[in-house]
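requesting a structural model of the entry that follows:
(one chain, ligands or ions: 2)
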Amino acid sequence: MIVVLTGAPGAGKGTQGELISERLGYRKVSTGDVLRKHIKQGTEVGKTAEGFISQGLLVPDDVLLKLIQVELSEDLNENILLDGYPRNPAQAQALSSLKELHEVAAVLHLEVDKQELVERLSGRLLCKNCGRSYHKKFDPPAASGCESCGGTEFVHRDDDDLDKISVRLDVYNQETAPMLSFYKDQGLYQRIDGSGDNEEVFTKIEAALQKTG
Ligand code: AP5
Ligand code: MG
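Ligands and ions are numbered 1, 2, ... in the order given. Sure thing, here's the model as predicted:
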């Protein structure tokens, strides 16, 4: 089964996705991470995606569909946490057409106010080696290095400049937010207050997942 974790840029999808994966055993699939890996490796997908991501725009749906089909074809019995897919009504339709592979069991929408989103994104740091996300104020990396890989270099994400953040938030409001009614109509939607620290938000997510069964 699939749980979709959705929300604006900076809402905490990646951070909570890690916790859900580590503690509840879901396989996390982040389309943003998959695309960034393609860019790093210089693949054709990466070359196509780079221009869109650097402008804060969505990568075309057909590229994403191919990626998601590969990710979902692995093990049909596992629990999958989708971070960042679907991201518009057409992608939500495409995902439901793949339901012979995995059915969507819940859509958790992390909601955080705009000022906090900007603060989170503008202070984000990534481990240069493995990509794990930190925050210079809210979640600074330890002096000993990255919790996941021990890396000691931390970088700013290219699309976290203030002008790009503003485009990404607009794209979210125009393209992703309208998708939520699709899941409300199916009774799959649950709103999660994404404010509070990581543990507080995780507790709310865990409670929502328990309702899903
Ligand atoms: P993607 O990588 O998914 O970026 P995004 O949606 O903009 O979301 P972010 O990763 O910025 O935020 P997040 O919600 O994961 O927050 P995080 O946990 O890191 O996508 C990037 C690009 O790829 C898109 O713009 C698009 O071009 C393309 N793309 C991806 N999927 C696509 C699709 N399906 N279709 C088309 N194009 C696609 O947290 C952010 C910061 O806040 C961190 O520093 C963290 O430490 C901190 N933080 C998190 N939680 C808290 C908390 N509770 N309290 C305080 N700080 C917190
Ligand atoms: Mg993310």
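
enumerate the residues of the chain near ligand 1.
Contact residues, the chain versus ligand 1 (Cβ under 6 Å from any ligand atom): 7, 9-15, 31-32, 35, 52-53, 56-59, 64, 84-85, 87, 91, 120-121, 124, 133-135, 138-139, 168, 197-198, 201. Bear in mind the C-beta positions are built from the backbone N, C-alpha and C, glycine included.

how about 5 Å then?
Within the chain, the positions near ligand 1 by Cβ under 5 Å from any ligand atom are 9-15, 31-32, 53, 58-59, 64, 84-85, 87, 120, 124, 133, 135, 138-139, 198, 201.

can you flag the buried ones in the residues you listed?
Buried subset of those (neighbour count, 16 or more other Cβ atoms under 10 Å): 9-15, 31-32, 53, 58-59, 64, 84-85, 87, 120, 124, 133, 135, 139, 201.

would you mark the buried spots in stretch 48-63?
Quick answer for stretch 48-63 (16+ other Cβ under 10 Å): 48-50, 53, 56-59, 63.

looking at these, which are in strands?
Residues from these lying in strands, with DSSP state E as the criterion: none.

quick one: which of those residues is nearest to Glu116?
Glu116 lies nearest to Gly56 out of the buried residues of stretch 48-63, by Cβ to Cβ, at 18.6 Å.

that closest one - nearest residue in space that isn't next to it in sequence?
Val167 (3.4 Å; Cβ to Cβ, 6 or more residues apart in numbering).

I'd say the one you found and Leu57 touch.
Yes - look at Val167 against Leu57 with Cβ atoms under 8 Å: they come within range, at 7.0 Å.

tell me the contacts of the closest residue to ligand 1 within the chain?
Closest contact between the chain and ligand 1, by Cβ to the nearest ligand atom, is at Gly32 (2.0 Å). Contacts for Gly32 (Cβ atoms under 8 Å, 6 or more residues apart in numbering) come out as 14, 83-84.

now stretch 20-37: buried residues?
In stretch 20-37, counting by 16+ other Cβ under 10 Å, buried: 20-21, 26, 28-36.

what stretches of the chain score poorly on pLDDT?
213 (pLDDT under 70).

look up how far Gly123 lies from the residue nearest the centre of it.
Closest to where the C-alpha atoms of the chain average out (Cα atoms, centre = their mean) is Asp83, at 3.1 Å. Distance, Asp83 to Gly123, using Cβ to Cβ, to the nearest Å: 20 Å.

tell me where the chain has helices.
13-24, 31-41, 44-55, 61-72, 89-96, 114-122, 162-171, 180-185, 198-212 (DSSP state H).

these: which one's closest to Glu147?
helix 13-24 (9.8 Å).

ok and that closest one relative to helix 114-122, angle-wise?
80 degrees (axes from the mean of the first three to the mean of the last three Cα atoms, to 10 degrees).

report how many residues lie close to Glu199.
For Glu199, the neighbour count with other Cβ atoms under 10 Å is 8.

quick one: contacts for Arg27?
So Arg27 contacts 21, 74-75, 78-81 (Cβ under 8 Å, 6+ apart).

likewise for Ile192?
So Ile192 contacts 108-111, 201, 204-205, 208 (Cβ under 8 Å, 6+ apart).
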